[in-house]
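**Q** quick one, structure for this:
(one chain, ligands or ions: 1)
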Amino acid sequence: MNKMIYLDHAATTRMLPEVLEAMTPYQKEYYGNPSTIYEFGEKSREAIENARAVIASTIHAREEEIFFTSGGTESDNWALKEAANLYRRNHPGIHGHILTSPIEHHAIIHTCQELTAMGCGVTYLPVDETGLVIVGKAEECIRENTCILSVMYANNEIGTIEPVEELAFLAKKNDLIFHTDAVQAYGHLPIDVRRSGIDMLSASAHKFGGPKGVGFLYIRKEIDLPSFIQGGAQESNRRAGTENVPGIVGMGKAAELSHRRMGEENRRVKKMRDRLVYRIMREIPDVKFMGNMKKRLSNNANFCFNGIVGESAAILLDTQGICVSSGSACSTGQTEVSHVMKAIGVPEGLAQGALRFTLGAENTMEEIDYTVEKLKYIVEDMRKAAV
Ligand code: PLP
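**A** A predicted model of the protein is given here:
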């Protein structure tokens with residue numbers, strides 16, 4: 001097979017052609033600053049508001065609850081840091097306490113570490129071996145100064161979909177803000193913030209066919225979250241900085257298309273994913289399938305191959321034109337296993353052999369079969385070389 005086989009859609013997706021087409025006029029012709037008063041600027045302003053309306057409708061939010069950001073990382077930082085800031089403003093001299101899970105993306109984990117250094121408390125909720133937060137044990141972790149519960153909608157490594165509605169209910173019952181990092185879920189799963197009781201939600205355009213460097217944070221109207229970036233009056237004084245107009249337009253288009261195509265694409269991708277899982281589990285010995293079988297993103301398959309280093313396997317797959325991610329990273333000669341694998345209790349030796357395959361609409365069954373054939377030989381060779 002001459003063409004590249006891209007099986008890393010959780011890392012990023014190709015921009016949809018319609019998205020590029022929608023963005024181009026705002027890069028070439030309509031470059032006006034949306035904050036200006038003349039008609040040329042109005043054109044940009046209108047485009048931003050159209051995108052906001054589309055995005056709000058996809059999650060059943062109000063338009064004024066959508067704030068554009070530079071992506072998932074910024075949205076996550078904003079939600080956590082300013083929830084802690086809001087608590088301190090309302091309780092002078094007292095730091096807030098944050099509840100989250102140990103399998104969050106680094107955009108959350110590292111933000112929590114920063115907040116800990118600043119005096120906040122952080123508790124990581126227990127998760128089971130499939131990565132599901134154990135809701136029954138969450139309530140006992142709530143403290144008097146707990147201000148926010150933040151749990152991801154779906155995990156980026158193992159694809160597990162978290163019990164978001166139950167967690168949101170628990171947050172509401174205890175008067176906490178409920179935030180969810182939906183970077184891997186938005187555009188792939190139907191989300192209803194009203195019905196689910198979500199107070200804040202982070203999303204990122206490049207994970208659903210949009211451009212890189214743009215995302216949004218949904219903030220329920222009743223939450224007076226302070227602004228995170230100070231400067232001009234953009235985004236109703238909540239997020240300063242001249243808007244990334246082409247990026248926002250592209251994200252709006254990608255949101256519209258991904259929601260329109262969601263059902264059909266999920267069915268198509270799941271069929272390929274299931275074949276990949278079936279063949280790997282049947283044809284490669286000593287493999288563990290990671291994550292939850294049922295509560296799982298349709299496009300995600302993650303395995304730990306005993307006796308190999310996932311990162312080396314990913315490099316060998318790359319020589320065959322196949323792009324996948326490993327859960328491990330080699331630094332200074334040592335293989336560092338992912339915090340997600342550690343948190344779900346995978347023994348270190350096995351966790352080193354993690355490989356993540358995340359499929360997209362452009363993949364074919366032929367690509368899946370080709371990948372399994374190559375992988376079989378790579379794993380076998382690596383195991384032989386290790387003895
Ligand atoms: N949260 C999750 C779950 C992610 O998977 C990612 C990116 O991989 C991020 C946050 C960060 O998003 P961005 O790349 O837009 O900064």
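**Q** burial of the nearest residue to A138 once chain neighbours are set aside, as a residue count?
**A** Spatially, and ignoring its direct neighbours in sequence, A138 is nearest to L125 (5.2 Å; Cβ to Cβ, 6 or more residues apart in numbering). (Glycine included, C-beta is placed from N, CA and C.) A count of nearby residues for L125, using other Cβ atoms under 10 Å, gives 19.
**Q** give me the pLDDT for L125.
**A** For L125, the pLDDT comes out at 98.
**Q** and it, what does it touch?
**A** Applying Cβ atoms under 8 Å, 6 or more residues apart in numbering, we find L125 in contact with 99-102, 133-134, 137-138, 141, 151.
**Q** hmm, try it at 10 Å
**A** 99-103, 133-135, 137-138, 140-141, 149, 151, 167 (Cβ atoms under 10 Å, 6 or more residues apart in numbering).
**Q** can you give me the buried ones in stretch 84-94?
**A** 84-88 (16 or more other Cβ atoms under 10 Å).
**Q** near the ligand too, which of the contacts of L125?
**A** The subset of the contacts of L125 lying close to the ligand, counting by Cβ under 6 Å from any ligand atom, is empty.
**Q** mind checking which of these are buried?
**A** Buried among the contacts of L125 by 16+ other Cβ under 10 Å: 99-103, 133, 135, 138, 149, 151, 167.
**Q** what is the nearest of those to the ligand?
**A** Nearest to the ligand out of the buried ones among the contacts of L125 is I103 (Cβ to the nearest ligand atom; 9.7 Å).
**Q** surely the closest one is in a helix?
**A** No: under DSSP: H, G, I helix; E, B strand; the rest coil, I103 falls outside any helix and is assigned coil.
**Q** please report how far it lies from I161.
**A** 12 Å (Cβ to Cβ, to the nearest Å).
**Q** between the two, which contacts overlap?
**A** Joint contacts of I103 and I161 (Cβ under 10 Å, 6+ apart) are 131-132, 152, 155.
**Q** can you narrow those residues to ones near the ligand?
**A** Answer for these near the ligand (Cβ under 6 Å from any ligand atom): M152.
**Q** kindly reformat the shared contacts of I103 and I161 as CSV containing neighbour count.
**A** Compiled in CSV, the shared contacts of I103 and I161 are given as follows (neighbours: other Cβ atoms under 10 Å):
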residue, neighbour count
G131, 28
L132, 20
M152, 28
N155, 31
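**Q** on that earlier part again, next step: the buried residues of stretch 84-94 restricted to helices.
**A** Here DSSP state H is the test, and the buried residues of stretch 84-94 give 84-88 as lying in helices.
**Q** residues from the stretch 151-300 of the chain in reach of the ligand?
**A** Of all the residues in the stretch 151-300 of the chain, those lying near the ligand are 152, 156, 181, 183-184, 204, 215, going by Cβ under 6 Å from any ligand atom.
**Q** which of these fall within strands?
**A** Among these, DSSP state E puts 181, 204, 215 in strands.
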